[in-house]
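S.K.: Quick one, fold the following:
(2 chains)
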Number of protein chains: 2
Amino acid sequence: MAHKTVCVFSGGMDSTTLLYHLLAEGDEVLAISFNYGQRHGKELEYAARTCEKLGVSHRITDISNINGLLQGNALTSGNIEVPEGHYQDVSMRLTVVPNRNMIMMSIAGGYAISQGYDRLAIAVHTGDHAIYPDCRPEFVTSFEKTIQAGNYDAISVYAPFISWTKTRIVQLGQKLGIDYERETWSCYRGEEDPCGKCGTCVERAEALAASKK
Amino acid sequence: MAHKTVCVFSGGMDSTTLLYHLLAEGDEVLAISFNYGQRHGKELEYAARTCEKLGVSHRITDISNINGLLQGNALTSGNIEVPEGHYQDVSMRLTVVPNRNMIMMSIAGGYAISQGYDRLAIAVHTGDHAIYPDCRPEFVTSFEKTIQAGNYDAISVYAPFISWTKTRIVQLGQKLGIDYERETWSCYRGEEDPCGKCGTCVERAEALAASKK
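M.R.: Purely as a prediction, here's the structure:
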């Protein structure tokens, strides 16, 4: 049965694939993106463009005013260097924004409930697990229990890629016709061109290379 | 051992009592209030005044721009009448804002973690349980598991009034020296004077009367 699904949508590879996947499954979808003060605001431009192309309703919610919450993090603070290297290195912990997914999912979930949607979708995958605790299965399962305990309306959390590698996600996306180079943005630095060196650039290149094997 | 605690603080009777209680226990406390577009913005003035009096750091976080989330609710929409009657009546469901506590607690929790606090305090009590699922013990317990699963830093949730009646809260507050009439605001309508008829006015009057018995 098709769902009415709110998709947490950053405009990166994973959530773009999730959006295509939900539409392929026949869901009625609303995409919600968050401006949390990230340096790579370019993501949001890509997100808007993809939704327009796909005819998907899109909301950008600004949480950048949550004062002080996002200080001291390489993704949001201009004076902290974005680390280079592999996505799963310890140095990538500088890119952890405390409780980011819980905040975004709580808002998206509240929005979903208030608008009569029955599902909240999120594109977390195994590559996220090493560094981001709020992308792990135990977090997602516990989040679903919590939001169900806290509300009258039925709402489920759908994380179809949670045990997938990024390569597998990219392979699905290619089947669904996604042109990742043109349609998605990942680089944490958010300059004119991707830097090729930050964790998400490295991960992106690896997944694209592996998907061609 | 004293904690460093972030207190979700509305400026109403319950959370004012909680704030006094935390200080009496010796905690280092930061109070966080939310502007979620509530009609009764007066609450926030009372909250600020109490924090100033107590010398407690206070942040007001504006989440009123979370577009669409708060529509169709009597606490936030000028064209929906605030229901009269008892706090636990079914009519009070009009005052349920979907996922409100989860959103506020997620933001407050993220803020706590980012600033090195180890505890998040919330003033839910048994009188809230009938109408607000996000004030019930199963929600609070599940929330604590979720935020712990989603973050590296230790954080606990402290809800000391969760099995208390409002009368018991008021009795504690009176011992702690709170002058509820002057220091707290409850009315959902937020006009010059309390209306005396909405759920929270009725509940307030009952608790004050009962505490004198």
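S.K.: wait, does the strand ranked longest in chain A contact chain B?
M.R.: Longest strand of chain A, by residue count under DSSP state E: strand A:28-35. No: using CB under 8 Å from any CB of the partner chain, strand A:28-35 never reaches chain B; the gap is at least 9.6 Å. In this view, the C-beta of every residue, glycine as well, is placed from N, C-alpha and C.
S.K.: elements contacting that strand?
M.R.: In terms of contacts (3 or more CB pairs under 8 Å, 6 or more residues apart in numbering or on different chains; DSSP states H and E), strand A:28-35 is packed against strand A:4-8, helix A:13-24, helix A:42-54, strand A:57-62, helix A:100-114.
S.K.: Which strands or helices does the last one pack on?
M.R.: The reference is to helix A:100-114. strand A:4-8, strand A:28-35, strand A:57-62, strand A:119-121, helix A:137-149, helix B:100-114.
S.K.: ok, 6 Å please
M.R.: Applying 3 or more CB pairs under 6 Å, 6 or more residues apart in numbering or on different chains; DSSP states H and E, one finds that helix A:100-114 contacts strand A:4-8, strand A:119-121, helix B:100-114.
S.K.: Turn the ones you listed into JSON lines, columns for distance to residue B:173, mean neighbour count and mean pLDDT.
M.R.: What follows is the helices and strands packed on helix A:100-114, written out as JSON lines (distance: least, CB to CB, whole Å; neighbours: other CB atoms under 10 Å in any protein chain shown; pLDDT from 0 to 100):
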{"stretch": "strand A:4-8", "distance to residue B:173": "40", "mean neighbour count": "24", "mean pLDDT": "97"}
{"stretch": "strand A:119-121", "distance to residue B:173": "38", "mean neighbour count": "25", "mean pLDDT": "98"}
{"stretch": "helix B:100-114", "distance to residue B:173": "21", "mean neighbour count": "26", "mean pLDDT": "92"}
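S.K.: among these, which is nearest residue A:62?
M.R.: Checking these against residue A:62 by CB to CB gives helix B:100-114 as the closest, at 13.4 Å.
S.K.: which parts of chain A sit against chain B?
M.R.: A:61-62, A:65-66, A:69, A:98-99, A:102-103, A:106-107, A:109-111, A:113-114, A:133-134, A:138-139, A:142-143, A:145-146, A:149-151 (CB under 6 Å from any CB of the partner chain).
S.K.: Tell me which of the helices and strands packed on helix A:100-114 sits nearest to residue B:186.
M.R.: helix B:100-114 (16.4 Å).
S.K.: between that closest one and strand B:28-35, how big is the angle?
M.R.: 140 degrees (axes from the mean of the first three to the mean of the last three CA atoms, to 10 degrees).
S.K.: Please report the distance of the residue of chain A positioned farthest from its centre from residue A:120.
M.R.: Largest separation from the mean C-alpha position in chain A: residue A:152, at 26.5 Å (CA atoms, centre = their mean). Here the criterion is CB to CB, to the nearest Å. By it, residue A:152 lies 16 Å from residue A:120.
S.K.: contacting residues around residue A:44?
M.R.: residue A:33 (CB atoms under 6 Å, 6 or more residues apart in numbering or on different chains).
S.K.: With residue A:47 instead?
M.R.: A:9, A:11, A:33.
S.K.: Out of these, grab the one that's most surrounded.
M.R.: Neighbour counts for those, by other CB atoms under 10 Å in any protein chain shown, peak at residue A:9, which reaches 32 neighbours.
S.K.: where does chain A have low pLDDT?
M.R.: A:39-40, A:67-96 (pLDDT under 70).
S.K.: Isn't residue A:204 up against residue A:188?
M.R.: No: using CB atoms under 6 Å, residue A:204 is not in contact with residue A:188, being 10.8 Å away.
S.K.: Tell me which of these two has more neighbours.
M.R.: Using other CB under 10 Å as the criterion, residue A:204 and residue A:188 rank with residue A:204 on top: 24 against 21.
S.K.: Check for me that that one belongs to a helix.
M.R.: Yes: assessed with DSSP: H, G, I helix; E, B strand; the rest coil, residue A:204 lies in a helix.
S.K.: For it, list the residues it contacts.
M.R.: Contacts of residue A:204 (CB under 6 Å, 6+ apart): residue A:186.
S.K.: Residue A:19 versus that one, what's the distance?
M.R.: 17 Å.
S.K.: for residue A:119, same thing?
M.R.: 13 Å.
S.K.: Likewise for residue A:98?
M.R.: 26 Å.
S.K.: Between those two, which has more neighbouring residues?
M.R.: A direct count of neighbours by other CB under 10 Å for residue A:98 and residue A:19 places residue A:19 higher, at 29 against 25.
S.K.: List the residues that contact that one.
M.R.: Taking CB under 6 Å, 6+ apart as the test, what residue A:19 contacts is A:7, A:9.
S.K.: same thing but at 10 Å, please
M.R.: A:5, A:7-9, A:11, A:27, A:29, A:31, A:47, A:50-51, A:54, A:56, A:58, A:121, A:123, A:173, A:176, A:178 (CB atoms under 10 Å, 6 or more residues apart in numbering or on different chains).
S.K.: same question, residue A:177
M.R.: Here residue A:177 is in contact with A:20, A:24, A:183 (CB under 10 Å, 6+ apart).
S.K.: tally of neighbours for the nearest residue to residue A:157 once chain neighbours are set aside?
M.R.: With sequence-adjacent residues excluded and distances taken as CB to CB, 6 or more residues apart in numbering or on different chains, residue A:157 is closest to residue A:144, at 4.0 Å. The local packing of residue A:144 (other CB under 10 Å) involves 20 other residues.
S.K.: before we move on, what about residue A:168?
M.R.: Neighbour tally, residue A:168, other CB under 10 Å: 17.
S.K.: so how far is residue A:21 from it?
M.R.: From residue A:168 to residue A:21 the distance is 12 Å (CB to CB).
S.K.: Pull up the overlap in contacts between those two.
M.R.: In contact with both residue A:168 and residue A:21: residue A:161, using CB under 10 Å, 6+ apart.
S.K.: returning to that earlier point: tell me the angle of the longest strand of chain A relative to helix A:42-54?
M.R.: Using the same axes, to 10 degrees: strand A:28-35 against helix A:42-54 is 160 degrees.
S.K.: Give me the angle between strand A:28-35 and strand A:57-62.
M.R.: Using the same axes, to 10 degrees: strand A:28-35 against strand A:57-62 is 20 degrees.
S.K.: So in that sheet, which strands flank strand A:28-35, and in what orientation?
M.R.: strand A:4-8 (parallel), strand A:57-62 (parallel) (DSSP bridges).
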